[in-house]
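> with the input below, show me the fold.
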Amino acid sequence: MCCATERKEWGEAEIRAAMRRPLPGIAAQVTMAPRPRPFRPPDGSNPRQAGVLVLLYPVDGQLHLVFTVRPTNLDYHAGQVSFPGGGWEEGDASLAETALRETREELGIPTGEIEVLGPLTPLYVPASHNMVHPFVALTPRRPAFQPDPLEVAELLEVPLATFRDPALRGEDRMERDRLEVVIPYYAVGGYKIWGATAVILAEFLALLEGR
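Numbers count the residues shown, from 1 in each chain. Presented below is the predicted three-dimensional model:
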């Protein structure tokens, strides 16, 4: 039986090397996407552009990811686990800047120490009609989080290596419009990470694993 100390960790060097590889794209995204699910906006539509941050930082020498648990009174994705981020606004020079600004507003942290390493594959989110642009970023230490209670009900900080465990993955099934919908998820910290967040995470993990 393998013990925890034998499990290889992903460090900063591995993250930087992975971000220089070609992106796995939809081939990785579909592994954690609800089925059926459109991956492109309807023809002729103009979805809102959004940016989110896959933010990594060390705690006791181990890289962690931060997720936000959204309040239950929001119009979209209420109660869900998300990466920090939101919609592009006038004044944002780029979608990476959108992701940084939204992270600062949601988590109350200065973004001067955040290093954006690069993008992942954009993802269309039908429920909110957003085209979401994820960016991977690093900080040299754990940020002093001060979440905005109007946007964040709880923070979920997870060691990146946790996601090596295939036992975290599961599926729910539900009926929608007389069709069975399969919803893959990662079970972490008493929450289910699903939807766009799980899809983005699946591509990032595939990139780290060289798939």
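> where does this structure dip in pLDDT?
Of all residues in the chain, those with pLDDT under 70 make up the ranges 1-8, 72-78.
> try it again with 50
The chain contains residues with pLDDT under 50 at 1-7.
> quick one, strands of it?
48-59, 62-69, 81-82, 85-87, 115-119, 123-125, 130-138, 154-159, 169-176, 179-188, 191-194 (DSSP state E).
> between the ones you listed, which one is nearest to Pro42?
strand 123-125 (9.5 Å; CB to CB). Bear in mind the C-beta positions are built from the backbone N, C-alpha and C, glycine included.
> so who does Gly210 touch?
Going by CB atoms under 8 Å, 6 or more residues apart in numbering, Gly210 touches Ala18, Arg21.
> before we move on, back to that, tabulate the strands of the chain (CSV), appending mean neighbour count and distance to Gly108.
Listed next are the strands of the chain as CSV, based on neighbours: other CB atoms under 10 Å; distance: least, CB to CB, whole Å:
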stretch, mean neighbour count, distance to Gly108
strand 48-59, 21, 13
strand 62-69, 19, 12
strand 81-82, 23, 16
strand 85-87, 20, 14
strand 115-119, 16, 19
strand 123-125, 20, 25
strand 130-138, 23, 16
strand 154-159, 15, 11
strand 169-176, 11, 32
strand 179-188, 16, 23
strand 191-194, 20, 21
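> looking at the ones you listed, spot the one closest to Glu97.
Of all the strands of the chain, it is strand 48-59 that lies closest to Glu97, at 7.6 Å by CB to CB.
> next one: the closest one to chain centre, how far?
Relative to its chain's centre, strand 48-59 lies at 7 Å (CA atoms, centre = their mean, to the nearest Å).
> parallel or antiparallel, which strands does that strand pair with?
strand 62-69 (antiparallel), strand 85-87 (antiparallel), strand 130-138 (parallel) (DSSP bridges).
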